[in-house]
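Colleague: Quick one: sequence plus predicted model below, questions after.
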Amino acid sequence: MSDQGEGGHNRGINLFRPQTDAMRGEIRVIALIMAAWLLAVLGSQLAVWYLENNIIEYWLSEIIFCNLPLHFWISGQFLPLWFILLGVLFNLWMDRHESRKFAGTIRYRATGRRKEEQQP
């Protein structure tokens, strides 16, 4: 089975070899979102480990935030909220990006009318 179309053009979508500038922009945003998620997960766990082993081991269980010890709140509440926030930001970016891309296409015009005939 080939990804070649009728004209011999490659029609497959490959995340590692984006074809257009728009796809490259999407890949950049996806990479930034994934890096932010990885940094938050690993960074928060490394910070808790470092604080527990080196500086303020007993403070971590004494600092209470939203009725939970701080390190439990970060792992159980903040990281899922961060994931949701990153998803919302990604969707807002994609909506904005897609609306710019299709601003002049027929999709936003009434059917049966030419662009010049449309009323404002």
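Modeller: Good, I have the coordinates. Fair warning: this is a prediction, and the values are worked out from it, not measured in the lab. Residues are numbered from 1 along each chain as shown.
Colleague: Just the strands from the chain, written as ranges.
Modeller: 64-65, 68-69 (DSSP state E).
Colleague: What mean pLDDT does the first one get?
Modeller: It refers to strand 64-65. The pLDDT scores in strand 64-65 average 82.
Colleague: next one: stretch 89-100
Modeller: Mean predicted confidence for stretch 89-100 is 82.
Colleague: Other residues contacting that stretch?
Modeller: When contacts are defined by CB atoms under 8 Å, 6 or more residues apart in numbering, stretch 89-100 is touched by residues 22, 25-26, 29-30, 33. The C-beta positions use only the backbone N, C-alpha and C, and glycine is treated the same way.
Colleague: what's the burial count for residue 71?
Modeller: 19 (other CB atoms under 10 Å).
Colleague: Is it in contact with residue 48, as I believe?
Modeller: Yes. If you go by CB atoms under 8 Å, residue 71 and residue 48 touch, sitting 4.5 Å apart.
Colleague: circling back: okay if I get the contacts of stretch 89-100 as a markdown table plus distance to residue 83 and pLDDT?
Modeller: Output for these, formatted as a markdown table (distance: CB to CB, whole Å; pLDDT from 0 to 100):
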| residue | distance to residue 83 | pLDDT |
| --- | --- | --- |
| 22 | 25 | 73 |
| 25 | 22 | 80 |
| 26 | 19 | 82 |
| 29 | 16 | 88 |
| 30 | 14 | 88 |
| 33 | 10 | 92 |
